[in-house]
Every structure is written in structure tokens, then in C-alpha cells.
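S.K.: the sequence isn't on hand, but the structure is:
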């Protein structure tokens, strides 16, 4: 058949593009598929054997209605042939007919839902998304079997034609936001989309911004909870990460664990996390400014301890802190990238050889190491914010070293103001604290028990304020 | 202008970043190269001021670098002299090649001969130019301030005893009155220009002196000595007494002895531990016994009134106390039993307090120095007090014409 | 699109304004001027400030969509309005300079003897400009966010100072006679009257029914803390006040029990640093809005550049230390402050009493435009 040859040619005569020809009731029937992406057993059982046994009239509609034992069969025209093939369908041609049938037989290598390594839970659901957007849909549906759940599907990427799914609750989500997001997703002009992070920078208002403007998670329970607050979730085929919009920075201080534990403990641990953010960013800068400029503020005992341990260092305080910071950051990066069995080796080299020997050799000082290590560890109280906090920390080191404590305070105010100026989707970034939203304070740093959270967060615009029946 | 607009537009989204880079360009080179402040400068923990002929001799204790294993304060004594205090400090600075930082000064000692001139000027220099904290204790010493610091340094080198900590922590348990710089200045700038300083002496002591590290008890002198036998010099110890040096117009006038201080202790509320002993108790089964009470709570409520233009000040003292020692006439020590405060005992206690106060008042009236703040009390009744002062020939002598009375009220608690 | 701020945010602005210029030199100045009657002077001025605040809020209630400029223009025309605004502009610029000088003196006194002017300017100006550039809304949010820390810090400062109240040490409160007290009121007027900014941004505040309640609750709580700090200050440093020009730090430093283990006055230091930036942003924003009204068009970049250059020039060449500006303010500004203190409030009170009908039209017009 000529068209088949043409399609094959369009697909560069790749070896996994297969063609199969039958003679059914005196007519030639062709199957065309990419063999690496379909379920062959299913193809034999539900397409080939019924065809071979069939002895009636051969048209596309009769085959689709009477013969093919597949769940999704669709009549497609010439223009759609290649697209269907690339979306892992089997095409069925009949001699003399212009159109074809597209039969869903997709079978792609996927993994089973398992606990995501980025957000483990102690007590609570352990399921995580997988790379398949279909699994994502399934998991969200499983958690949220509601007539109000809307899933919209888009195909983005000139080359990849990646499926992007947008989830929201039609009774809760802000219609304007949904429309705007839809418009933005449709207007994305790019070659390939591998992960939601590829498209999110097209969606948010300030792609250049230092801080994240979207929430990301791998867990269906979190996505479901956020959908129920009127947010919109976006999943991309090929990545287990689901993005939620709009976003407030305090979402990252919260953790799904908080909802599966005593609310007093949740409150306590949230304050610890918030304090962690402060420590992670500011401590090295403050330490440096105190050592360089403000001896008056430091108690005499600390001056003693610090000057005793730093007196023979070859580096100036600024260089020392910078050196330790870069050293630790490198170690961190290495330990992430190295194969797991080499990880232990790096930690030995890092902790013992570099740290301990560095101190003994008089190259770096113990207070410096403590300060930087403290700051690096504190970052991971809020792992989602870790990348930007690392940069902010560096900025504060420079500010503390050059402008002193006044510079550090100025920097803090600048960053708070910067976060406040980002309210792209009409949701203030630092809500419910700035501006203060009384209702949302029930689940901000302080978490109240579930029965008291009768209303949905007001910071996120939603059409229905009350949780449950009124 | 168009090029400016274009380039502004280019950096529009990253003003902050470009500004940050400018800050780095300006400040980073110097920031990277300067060593930490504690190495650029000498941090001083104590200052001593002496008079040396016409010059001022300043001794300071600076933190010196120490090995990692010893985290103790290791101080070094430095000296410098000059015509003024500022000159003396700069001579020290030039001798060590570092800037002096006075933000951590723990105490200031001035010598008695230096105190014969106006001390307030020196103190002002210290706090305005040197940024010495106002809460730092100010002490006057017998002999040379230099020797006091020298001894303090030796003590710190040889034991865990630390004069700076000791004075800072316990000076309101050692001295009746606030001895901070601020208290001194307040007295100096007040209308009567009277202020008091803490007083320390250097005493020679027997060779096998005890190392004292607690410093809790204050009726005895705090003693400590250098343990090391490397030096054969005469051993001396710093001794704090509850004595106060009284200054008038910033100049040293006289010393309130420990016994004279007793009366002041009764009318000034403070944290000092006090005992009171009464003799000749012949009741409740005791025979000519003397009873010692420890005061656990001491409250003073001064009352001021004017009658016919004459001021009357009454200190209503309320004492809550516990008997701790009973000695009978035959010197036998009795087990402490419950004692009720009869009228007689009350009267005796009251007499003891009154006689103490009278003695102190006598000294104050004689020296025309109001140490206990009678002026301040009367000053609150501003108009009648001013009228009263106008009737006096010598305003400084006002204390003589003020009727001061004491009312004592006692309560007893048993532990 | 007008950027509107909430009433709570305005309340935070008011509370910060109440604190900014009053925590450093003012107590010292008051006590030096009128010794133990200082607290009376302070109380009179605070009462006056509260009264002005009440008038301004009433005006906001009556004309929710008009700022001072439109209110003056309504009766006297735009020339007079511009003239008044030029005076107000210089008033706010001088306030920025005063804030700068106080902050620098404070930093040198407490944090770092060698604190350099360039470090101050290169930190203060960009941060404040960034806040003004990002708009009133985000500035208001930032202030709201930081206010909690300032408030907690202030309470902490209060407890850090040795609070042993004995009336005796306050000295006789009514020692000075009335004319002396009024004189010193006049001299220190510049440090007060900070609530004037409300009238300038009043068209940018969302109207809410219980506005007065919210604003007054914030202001009065802050005022109570402030008065407590003043009482402690006067009690501690009555005759030596001239030596204690950084009130808030000196108060916390006075706690001897912690003096040995280190200076916990870092809390006071941080609190005041936050206040510096926030108050700077409030003054700068007010100056920017005034500038835009004077020149007649809205361009924040022009306004910011002009104000920055003016502040820099005044700071570097005219008022380069605290004593210079204090002298100027005490000696000359009292005549100048008449506008802020008497003319504007009186005019507003007259509007409140006599203007009955005309305003509604204007309000409607304005809201239609929006």
C-alpha cells in the first residue's frame, strides 16, 4: 500500500516501525505500528485473531463495531496517521479506503507507584506518582472520585508531543485562573517537554525570579489536598513531579506529615522549619559580619573562643568562610551525583580528611565549619526551597562580609519585599502573614486540628469557602 | 539618551543583581583582605588610671592570644602615659601597633592620688570617646591602680578566679550602693554633686593563702593569690570591702568605713546579706543572751513631709528575719528555738538600727555629703523644698536641718 | 490601577511611624530640655499626635477616595495645593535626613565605632528604593510582615531593662512651668507629627468600617510600650541624659545581670535596624507621591531619582552629622512645622465641620473614574 510506504518513509524507515498484512475475506488489511511501544500479546488476541477468524463484510465501521476487541478504536484521517502512530496506536488500513482505524494498544515501560525518595512519610500514605501521566491521573482519581474533578489534556512540544494534564475542581478553582493557565499552556512554543519544570517557566509571570513560584510534589495526597483548596495541578507525561498553582512560600514550610500527626507537634516542627530557613540563609553572613566589624555585640567569652581557634589561620575570615562554603557545597554536589556505593567514600573523605585534617592543619577553623555546616543542614528542613536558599546564603555571606550586620538586615528586608512583590496569580506570596489573613492562620505556622479548619484558605481564590456541607 | 534607555531596559529585570555587583566591586577587595577585628585591634577588659607626676598613667588589661587548649581569659598588662587620658591611650596604641577597643571593659580602677582631681572629665572621655559601657563598675583603690590590675592579671593566669566576672556578677552583693560609671555620673551631675565609688585595697597576705573562686560571701574580703612559686615577690591580694569612697564635685573627699556603712545599709534597699545582733535578752527562758538574726527581706519606704517649712524624712524599715545564733551570758551556745518578737526585742532591734543610722548620719552631716539620697527624696516635693533651701545660708549643709527618723518594723520567719 | 493597602497595613505604618524617630535622640533631647518634666512634654505631644491621627482618620472616612492634595485643591485651587505640597515635600525629605543621621549615630554608638556613611547609604538607599519601586502594596506587606518581629523585640527590650519602678527616681514631674513645657513641645515638634503621611496616601487605603478601631488599637499598644520605655529612660538617666543619645540601646544595656555574659542589646539593635528601613520606605513613598503631585505626572523612576539625589546631596554636603540637623530642626523648623502642625490639621477640621454636601459629588466622580 502506497500510504504505508509513505508513512514509513516519514518515520525514516526506522526498524521498529512494523507492517503486517492479512487477507480477510478477499480484501487486503494492513496493520501498522511501532513495535517497541505496543502490547504485542494484546494485539494478537484482540486484533489479529478476530480478523483472521472473521468472514463478513470488510469496512472500517464494521471492523470497528463487530470485530476488533480493543477498548479504544477510532477512525482517523490521513493527516493524523503519523501523529497516531507516534502516540503508540496501531493503525489498521483496508485496501481501497482512505481513512484508517487507530487502535489503542499502548504498552510502555513504566514503574509501579512507590514511595517517592524526595518526600518520605513516617505515618501516612506512601504512594507516589510515576513517570506516566496515566498513572498520575489514576492515582488522583483514586483519591478524589468526584464529579467535580476536571482533567484537561494538552499536547505540548513540537517534537515530543508530550501529554500535559491539568487538574482542577470545577466547583472550587478560580475560573479566571483556569482560563489563564489553559491559554498559557496552549501558547507554549518549544521543542520538547520532559518535565513540568520545562513548561512552568512559560506559565509563571517572573521566570527570571530567584524564588519558586509554584509548588511541586510527587505525592497524590498532597495534590488532592491542594486541589481541594481551589488550586490547579499540572502533570507532564514522563515525570513523576506534579506542579500546583498558585503558590505561597509557607506551603513549603508545611509538609504532608504534619497532617498525619498531632497538631501541636506539627506546629512545633513548622516553627523549627521556619527557624531553619532563617539559620540557613543568615547565619554565615552574620558570623562573618561579627568577626569583621562588630566585636561589641559578641560576648567576650565567644571572642575568646573564636580568636583562640582562629589565630593562626592563613586565610582572612572572609576567604575562610567562602572556602568552607564552596568546599561543602562541592561535597554535597558530589555526594548527590556519585553512585551510591561511592557515597560512603566521599563522606569519609569529606568529613574526616577535609574537615578534620583541615582544622588540624590550621587551614580552617572549627567555628567556621560549625557555622557553615549548621547552615547547610538547616536548609534541608525545607528541602523544596534548598536551591534558592543556597544562593541567598551566598548573597548574605557577601553582604555580611562587605556591609556588615546592617547589610544583612537590609538584605533580609529586600528579600522579604521581593517575595511580597511577587503575586502573579493574585495570591500574595507571604500570605497569610503579609497580608494577614485571619482565616488562613489556622493552618500556617500554627496548625489547628482538622475540625477547626472549616473554611478553605482565603488567600487562594476559590468559589466555595466551606469545607464539607454547609 | 536612547543608548541610556536601551541599556536601562536591558538590565531592567535585574537591577538588584547589578547593584549587588557594584557593591562587591567597591567593598569586596577590602573585605577579603582584612583580618578579623580581634586581630586588628586589642580588646581591653580592664582599665586602671594613675597619676604619674603631671601625667596620666593608664594601665590596661588586653586579651592576648592563647593556645587552643586553654580557653581561659589570658590577659596582658600594657601601660602608657600622656598628658591626658586620650594621649595615654594613644601611646599604648602606638606601642602595640593596634587599635584599642573598649567595648568589653569590665571595670575601671582609679588610684587615690588621681582621684584628688576631677574624675568626671576622665570618665566622660572614657564613655564618649572610648564607648565604655555605662554599667561598668568604677572602683577607687588604695595605692596604685596599676598594681591592682597587675594582681588581677596574675590571679587570672594562675587560677580560675577572674576579677572582671567577680566584680560584674556580685557587685550589688558586695557594695551597698550602685558603683557603676553611670551611678557616679548621676551623682556628679546632680544638684549636690555627691557620688560614691567602690573601694578596693591591696593587702599583703600570708604565703599560704586560700584560693577563693566562689566569691559568694561578702562580709569577708575576697582573697586570692598567685599559686605559682615562680616569683619571690611580695604576695598581695585584692580585697574588696563594703567601703565606699565618697566624691564631691568629682573629687575624692573621704572614705566611709565598713562600720559607718552599716547605717547606710539600713536605709538603702540592697541585696547585701545583713545580720543584726541584740544583747541582754532576758525573756523566753534566756538569760542575758545575745541573739543574732539574719535578715531575709529588707524593705525601706521613705516618707517625706514638710511641717512649718521644715522637712521631715522618715525611713520606714521593714525587716523579715530569722534567728541564727543565740549565745547566753555564760558563753554557752543555745540551740535555736522559736523566738517570738516581744516588744522588748523589737525595741532592741530598733535601737540597734537607729544607732547605726545615727552614726552614719553624723558622718554625712559633718562632711556635708548626702550619700543616701535625702536630697533626691525631698526634691520630689519640689516647691516646699526649694523654699526650705532658700532659708539656708549654706545649701550644701542642708542635711543638718533635715529631721531624719527611722521606724523599724520586724517580722520573724523560721526556716 | 491604584495599589490599595489594607487598614491593618496602614495601622502597622502608623505604629512604625510612632516608633521610628522617637527611640534614639528624642528621649535624651526631651530630658535635657525639660529635665524631669520630660514625660509631660512627651505625653502632651503624644496626645496631640493621637488627636491628629483621629482627625486624619475622620477625613479618610468622610472622603475615602481623596488625598490631601485633592482636598486642598477643592477649596484653594492647585497652586496653593502645590505650594503646600512643596513644603510637605521638604518636610519628609528632612525627616529622611534626620532618620539617616540618627541611624548612623546609633550604629556608631552601639554597633561599630567605625561605621561608615557610605556603608549606610549603600545599604539604606537601595533597599528603600527597591521597596518604593515595587509599590505601596508590597511595601505595606513587608512592613506588616516585619512588624511582628519589631513588636516582640520591643517588648523584649522592655523586659531587658531593669524594671524596678520607684516613683522617687522619676523626679518631680511638674517641676518646669507651663511656658517652659510648651516651649520644649514646640522645639521637639519635628520628631512627632509622623501621622501626616496618612493624608498623603489616604486615597490608597481600602476603606473599612472599623478602621479607627484597628488603627487605634495598634497605635495605642505601641504607644504604651513607648511610654514605658520613656519612663524607664527618664528614671535611669535623668541627669546624665545628655550622654545617652541612643535611648533604646542604652536602656537594654543597662541590665547588669546580662552585661557579663554578653550584650543582649543585639535585640534592640536589630529592632531598630528594621525600623530604619521600614520608616525610610514610608517617608520615601510619601515623598514620591508628593513629588508626583507637584510635577503633575506619575513616573516613579523620575521621582525616585530626584528624591535620591536630593537626599544624597543634603546628607553629604549639608547635614552630615546629627548635631547639624538637630540644631536646624530645633532652631528653624519650628516655624516651618507650623504648616504640618497647625494649618493642615485646622483646615482638615474645618472641612470635617463645615463641608457638608460638596464632597459626595467628587467622591462619586473619582470612584467612577476608577
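M.R.: On my side now, so go ahead. For clarity, every value in this text was computed on a predicted model and none was experimentally measured. Numbering: from 1, shown residues only, chains lettered A, B, ... in the order given.

S.K.: from the middle of its chain, how far away would the lowest-mean-pLDDT helix or strand in chain A be?
M.R.: Lowest by mean pLDDT, DSSP states H and E among the helices and strands of chain A is helix A:340-347, with a mean of 74. Chain-centre distance of helix A:340-347: 27 Å, with Cα atoms, centre = their mean, to the nearest Å.

S.K.: next, the buried residues of that helix.
M.R.: By neighbour count on 16 or more other Cβ atoms under 10 Å in any protein chain shown, the buried set for helix A:340-347 is residue A:346. Every C-beta, even on glycine, is put in place using the N, C-alpha and C of the backbone.

S.K.: continuing past it, what's the next helix or strand?
M.R.: Moving toward the C-terminus from helix A:340-347, the next helix or strand (DSSP states H and E) is helix A:357-360.

S.K.: what parts of chain A come near chain C?
M.R.: Proximity of chain A to chain C is confined to A:293-294, A:296-302, A:403-407, A:409-411, A:413-414, A:416-418, A:420-421, A:428, A:430, A:433-436 under the rule Cβ under 8 Å from any Cβ of the partner chain.

S.K.: so residue B:64 sits against residue B:76, correct?
M.R.: Yes: taking Cβ atoms under 8 Å as the definition, residue B:64 is a contact partner of residue B:76 at 4.2 Å.

S.K.: so what pLDDT did the residue of the stretch 151-300 of chain B with the smallest separation from chain A get?
M.R.: For the stretch 151-300 of chain B, the residue closest to chain A is residue B:164, as judged by Cβ to the nearest Cβ, at 8.2 Å. Per-residue pLDDT puts residue B:164 at 74.

S.K.: need the nearest residue in space to it, chain neighbours excluded.
M.R.: Residue nearest to residue B:164 in three dimensions, not counting chain neighbours: residue B:106, with 3.3 Å by Cβ to Cβ, 6 or more residues apart in numbering or on different chains.

S.K.: my read: the one you found touches residue B:156, true?
M.R.: No: Residue B:106 lies out of contact with residue B:156 (Cβ under 8 Å); the separation is 11.1 Å.

S.K.: any residues in contact with both of the two?
M.R.: Residues touching both residue B:106 and residue B:156 (Cβ atoms under 8 Å, 6 or more residues apart in numbering or on different chains): residue B:163.

S.K.: which residue packs closest to residue A:445, ignoring adjacent ones?
M.R.: residue A:270 (4.8 Å).

S.K.: state the pLDDT value of residue 96.
M.R.: Here I'm looking at chain A. In the prediction, the pLDDT value recorded for residue A:96 is 83.

S.K.: sorry, should have said chain C
M.R.: At residue C:96, the model reports a pLDDT of 92.

S.K.: for residue C:8, same thing?
M.R.: 90.

S.K.: which non-adjacent residue is nearest the one residue in the stretch 351-470 of chain A that gets nearest to chain B?
M.R.: Nearest to chain B, among the residues of the stretch 351-470 of chain A, is residue A:402, at 3.5 Å (Cβ to the nearest Cβ). Nearest residue to residue A:402, sequence neighbours excluded (Cβ to Cβ, 6+ apart): residue B:27, at 3.5 Å.

S.K.: moving C-terminal of the helix or strand encompassing the one you found, what's the next helix or strand?
M.R.: Element membership of residue B:27 [criterion: DSSP H and E] is helix B:15-33. Following helix B:15-33 in sequence order, the next helix or strand is helix B:37-40 (DSSP H and E).

S.K.: longest helix in chain A, please.
M.R.: Ranked by number of residues, the top helix in chain A under DSSP state H is helix A:386-421.

S.K.: model confidence over it, on average?
M.R.: In this model, helix A:386-421 has an average pLDDT of 92.

S.K.: so that helix versus helix B:15-33, what angle?
M.R.: Taking axes from the mean of the first three to the mean of the last three Cα atoms, to 10 degrees, one finds helix A:386-421 and helix B:15-33 inclined to each other by 130 degrees.
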